[in-house]
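A.B. asks: sequence plus the predicted model coming up.
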Amino acid sequence: VNSWICQLKGILPEVMLGKTPRQLTASDQPAAQPDYSNQGEDHHQSIMQTGRTVEVEEEYPGPNGTKRHLRVVKTPIFDASGKITGSQAILFDVTELKSTQERYRSEHALLRALVDLAPDYIFIKDVDGRYLVVNAALAQCYGQTPAAMLGRTDANFLPPELAARCQATERQVQAANSFCTIKGSVVFPDGQSRVVVTNMVAFRNAQGQVAGVVGIGRDISAYKQVEESLRHREEQYRSLFEHMLGGLMLLEVCCDGNGNPMDHRLLEVNSGFEQLTGLKRSEEIGRRSADLSFQWPPEVAQRYYRVA
């Protein structure tokens, strides 16, 4: 035994030498130390019988109430004839590695929660189109779980034509190596048609090579419906405005610094107004009162201002 392992276990070398793990009595070891005697004896017997290496992790008390994590590699010892004559163990302190792994798991879990909480469709694919990351929102559209989509491509879920179109777009993004926005209507495997705007960009590996694409898609179907509804209402308003027999005009009242009306600008007129006045819309729209071809008496203009 070396001094490091004696210090770790809190046992003097002369107490350890010549004894098997089970022969080390409770009085030989500090109370705070874990008891690996049975495990150590079992490992030794297994190595003596099979010659196979044993790898385990052990935990020991560290300073200030912390824990030390050790990776233990136990191997057979052979004599000159190749006969197994004993076993030996090397201990590696992996405390920092375990701490780093724990931080990584914690950060990964937090990032995963944020990704799955997002209503947008988030994904990462490799250069062959295989999913490396899929969030819950996108997986739901595919009728899958995120885990079920990993390592698979759109060809496993979408019609061939649509899958080929997706792959072609991703290859263009990788080739261009620049940010790209794609907008279009897509029928997902869940049967719903959605208008999706997807932002994609290629990402690189540690060697600087393009390794795939990262994408975030947003369902704008509701916005498109509102937009279409507003457009339809605008068409209705425009039709009503144009076909009314009476003359209609839309004025913008201009105010001074104190908010008092002082002038007006003609914003729109209908065909009826042109017929009644003989004026042309193209010549009058946008003009202020002094530039219009027609002038109202000041008292008439004041009535409009009072209404405004």
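C.D. replies: Cool, got the structure. Numbering: from 1, shown residues only.
A.B. asks: how many neighbours does Tyr304 have?
C.D. replies: Per other C-beta atoms under 10 Å, the neighbour tally for Tyr304 reads 14. Every C-beta, even on glycine, is put in place using the N, C-alpha and C of the backbone.
A.B. asks: how close does it sit to Pro13?
C.D. replies: Note on Tyr304: its distance to Pro13, by C-beta to C-beta, to the nearest Å, is 106 Å.
A.B. asks: which residues of this protein score low on pLDDT?
C.D. replies: Confidence mapping of the chain against pLDDT under 70 gives the ranges 25-33, 308.
A.B. asks: and the strands in this protein, which stretches?
C.D. replies: Ranges of strands in the chain, per DSSP state E, are 54-61, 67-78, 84-93, 121-126, 131-134, 180-187, 193-204, 210-219, 249-255, 261-269.
A.B. asks: wait, which of these is closest to Gln225?
C.D. replies: Nearest to Gln225 among the strands of the chain is strand 193-204 (8.9 Å), distances taken as C-beta to C-beta.
A.B. asks: just want the angle from the closest one to strand 121-126.
C.D. replies: For strand 193-204 against strand 121-126, the angle by axes from the mean of the first three to the mean of the last three C-alpha atoms, to 10 degrees is 40 degrees.
A.B. asks: centre-most residue in the chain?
C.D. replies: Centroid check for the chain by C-alpha atoms, centre = their mean gives Val115 as the closest residue, at 4.3 Å.
A.B. asks: need the contact list for the spatially closest residue to that residue that is not a sequence neighbour.
C.D. replies: Counting by C-beta to C-beta, 6 or more residues apart in numbering, Val115 lies nearest to Asn135, which is 4.5 Å off, once chain neighbours are set aside. Asn135 makes contact with 115-116, 118, 120-123, 146, according to C-beta atoms under 8 Å, 6 or more residues apart in numbering.
A.B. asks: export the strands of the chain to JSON lines and append columns for mean neighbour count and distance to Cys141.
C.D. replies: As requested, the strands of the chain are arranged in JSON lines below (neighbours: other C-beta atoms under 10 Å; distance: least, C-beta to C-beta, whole Å):
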{"stretch": "strand 54-61", "mean neighbour count": "14", "distance to Cys141": "41"}
{"stretch": "strand 67-78", "mean neighbour count": "15", "distance to Cys141": "42"}
{"stretch": "strand 84-93", "mean neighbour count": "14", "distance to Cys141": "46"}
{"stretch": "strand 121-126", "mean neighbour count": "20", "distance to Cys141": "7"}
{"stretch": "strand 131-134", "mean neighbour count": "20", "distance to Cys141": "10"}
{"stretch": "strand 180-187", "mean neighbour count": "13", "distance to Cys141": "9"}
{"stretch": "strand 193-204", "mean neighbour count": "16", "distance to Cys141": "8"}
{"stretch": "strand 210-219", "mean neighbour count": "19", "distance to Cys141": "9"}
{"stretch": "strand 249-255", "mean neighbour count": "14", "distance to Cys141": "45"}
{"stretch": "strand 261-269", "mean neighbour count": "16", "distance to Cys141": "44"}
